[in-house]
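Student: Structure for the following, please:
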Amino acid sequence: MSGKEDSSSDATTQQEQSTSKDDESKSSTESSPENTTQDTNTEKSSEENVQTPTNTTESSQEPTQPPEAAGAAATSSSSPSGSGGSTSDMAGEKIEFKVVYNKKKFDITFGSEETVGALKAHLQDVIGVPSTMQKVMIKGLAKDEMTLKKLGVAKGSKIMVVGSTLNDVLEVTKKPTPQQLKEEEVTESAKESLSQQKQHKKVLEKGPPEDVMPGIKNVKEALPPCPISGMVNKTGGKVRLTFKLELDQVWIGTKERTQKIPLNSIKTVVSEPIEGHEEYSMLALQLGPTEASRYWIYWVPNQYVEAIKEAILGKWQLF
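Tutor: Take a look at the predicted model:
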């Protein structure tokens with residue numbers, strides 16, 4: 001009996017173990033869908049994480065410009081005024097030429113497209129003459145707005161510059177004012193007339209020269225384009241006056257020589273109509289500090305006397 005009970009007990013135990021395994025298998029099967037869902041979510045999350053850098057890469061590539069556009073932008077930024085080019089291009093090709101001032105030569109290098117006004121500003125420190133007081137002579141008086149290229153300036157060209165330094169201007173301030181000149185004329189008239197003074201009377205007694213220019217009384221005219229000729233000096237020699245305003249000079253020509261006198265070196269001008277020949281005047285240019293330095297000229301056509309004074313003194317009376 002005991003042998004049958006033991007075998008029955010063993011069979012029951014095996015059945016219970018088999019049933020337990022089946023239950024564990026079912027439990028495992030039931031829980032596997034949840035694990036599968038979690039794995040699927042994990043894979044989706046992983047795919048999303050992988051896609052995120054891709055979107056970042058795409059967003060970083062959106063503002064990037066094509067090489068052609070970048071090159072155009074670089075070209076545009078390198079040019080100060082768009083298509084205007086660099087400053088050196090605007091100045092034009094560099095030209096080497098000489099500037100002559102007061103018998104001195106200066107080697108200058110300047111742009112062909114630069115203006116005369118810009119050249120004056122450059123020369124101010126070179127020759128010591130303020131730009132506003134310079135006159136640049138290139139085939140005549142050159143205007144400030146004209147370029148060197150337009151004026152035909154090339155390599156090796158020579159440019160003449162005339163003008164007065166600040167020291168010359170300050171020296172001019174020592175000249176008499178218009179009021180002082182009038183007072184001097186009144187004083188002179190109070191004395192014996194110039195025509196009656198012995199040194200002048202001796203010259204005037206010979207009468208007007210045959211080739212003297214016609215004189216007009218009580219008329220004022222501008223300086224003629226030609227020299228004023230036919231006059232005489234205190235020795236009776238023929239004299240002609242040529243005004244070189246572009247050089248700020250007056251040339252006193254005689255048979256022996258021609259004196260080139262800077263206008264700003266003449267201290268004063270004295271004149272008086274000739275008695276009995278009021279269509280003519282006698283005129284003196286004071287070349288030094290005293291009356292002894294006066295250069296007398298006789299039979300000056302009266303219509304040009306005021307123009308002569310204005311050319312010599314008028315431009316300086318403002319200082």
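
Student: Please enumerate the helices of the stretch 101-250 of the chain.
Tutor: For the stretch 101-250 of the chain, applying DSSP state H, counting those that start in this stretch gives helices covering 116-127, 166-172, 178-190, 198-204.

Student: These into TSV, with extra columns for mean neighbour count, mean pLDDT and distance to K104?
Tutor: Using the backbone N, CA and C atoms, a C-beta is placed for each residue, glycine as well. Below are the helices of the stretch 101-250 of the chain laid out as TSV (neighbours: other CB atoms under 10 Å; pLDDT from 0 to 100; distance: least, CB to CB, whole Å):
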stretch	mean neighbour count	mean pLDDT	distance to K104
helix 116-127	18	93	8
helix 166-172	13	67	15
helix 178-190	11	66	34
helix 198-204	14	91	40
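
Student: Out of these, the one nearest S229 is which?
Tutor: Counting by CB to CB, S229 lies closest to helix 198-204 out of these; the figure is 17.0 Å.

Student: sorry, back to before: using CSV, lay out the helices of the stretch 101-250 of the chain together with distance to L263.
Tutor: Listed next are the helices of the stretch 101-250 of the chain as CSV, based on distance: least, CB to CB, whole Å:
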stretch, distance to L263
helix 116-127, 19
helix 166-172, 10
helix 178-190, 16
helix 198-204, 25
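
Student: of all those, which lies closest to T290?
Tutor: Comparing these under CB to CB, the one sitting nearest is helix 178-190, at 13.6 Å.

Student: ok, now which ones touch I159?
Tutor: 97-100, 108, 136-138, 153 (CB atoms under 8 Å, 6 or more residues apart in numbering).

Student: same question, G156
Tutor: 96-98.

Student: Please apply the same query to D144.
Tutor: 115-117, 120.

Student: which one of the contacts of G156 has the most neighbours?
Tutor: Within those, most neighbours by other CB atoms under 10 Å means F97, with 18 neighbours.

Student: doesn't S157 make contact with that residue?
Tutor: Yes. Between F97 and S157 a contact is recorded at 4.3 Å, counting by CB atoms under 8 Å.

Student: hang on, the earlier thing: which one of the helices of the stretch 101-250 of the chain lies nearest to A142?
Tutor: Nearest of the helices of the stretch 101-250 of the chain (CB to CB): helix 116-127, 4.7 Å.

Student: show me what contacts the closest residue to R240 other than its chain neighbours?
Tutor: Closest residue in space to R240, ignoring its immediate chain neighbours: S229 at 3.9 Å, by CB to CB, 6 or more residues apart in numbering. Counting by CB under 8 Å, 6+ apart, S229 makes contact with 211, 213, 238-241.

Student: For those residues, could you give me CSV that also reports neighbour count?
Tutor: Shown next, in CSV, are the contacts of S229 (neighbours: other CB atoms under 10 Å):
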residue, neighbour count
D211, 9
M213, 20
K238, 15
V239, 25
R240, 17
L241, 21
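
Student: contacting residues around stretch 279-293?
Tutor: 194-195, 200, 204, 208, 212, 214-217, 250, 252, 261, 265-274, 294-302, 305, 308, 312.

Student: show me where pLDDT drops low in the stretch 51-200 of the chain?
Tutor: Applying pLDDT under 70 to the stretch 51-200 of the chain flags the ranges 51-90, 169-177, 182, 185-192.

Student: do that again at 80, thanks
Tutor: 51-92, 164-192 (pLDDT under 80).

Student: can you give me the strands for it?
Tutor: Per DSSP state E, counting those that start in this stretch, the stretch 51-200 of the chain carries strands over the ranges 94-101, 104-111, 134-137, 158-163.

Student: which strand in this structure runs the most residues?
Tutor: strand 277-286 (DSSP state E).

Student: Quick check: buried residues in it?
Tutor: 277, 279-286 (16 or more other CB atoms under 10 Å).

Student: Likewise for stretch 93-107?
Tutor: In stretch 93-107, counting by 16+ other CB under 10 Å, buried: 95, 97, 99, 101.

Student: pretty sure the third one is touching L123, no?
Tutor: Right, V99. Yes. The pair V99 and L123 qualifies as a contact (CB under 8 Å) at a distance of 6.5 Å.

Student: What strands line up against the helix or strand where Y298 lies, and which way round?
Tutor: Using DSSP states H and E, Y298 sits in strand 294-301. Pairing partners of strand 294-301, with direction, according to DSSP bridges: strand 228-233 (antiparallel), strand 277-286 (antiparallel).

Student: These into CSV, with extra columns for distance to V161 and mean pLDDT?
Tutor: Formatted as CSV, the strands paired with strand 294-301 follow (distance: least, CB to CB, whole Å; pLDDT from 0 to 100):
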stretch, distance to V161, mean pLDDT
strand 228-233, 27, 95
strand 277-286, 25, 95
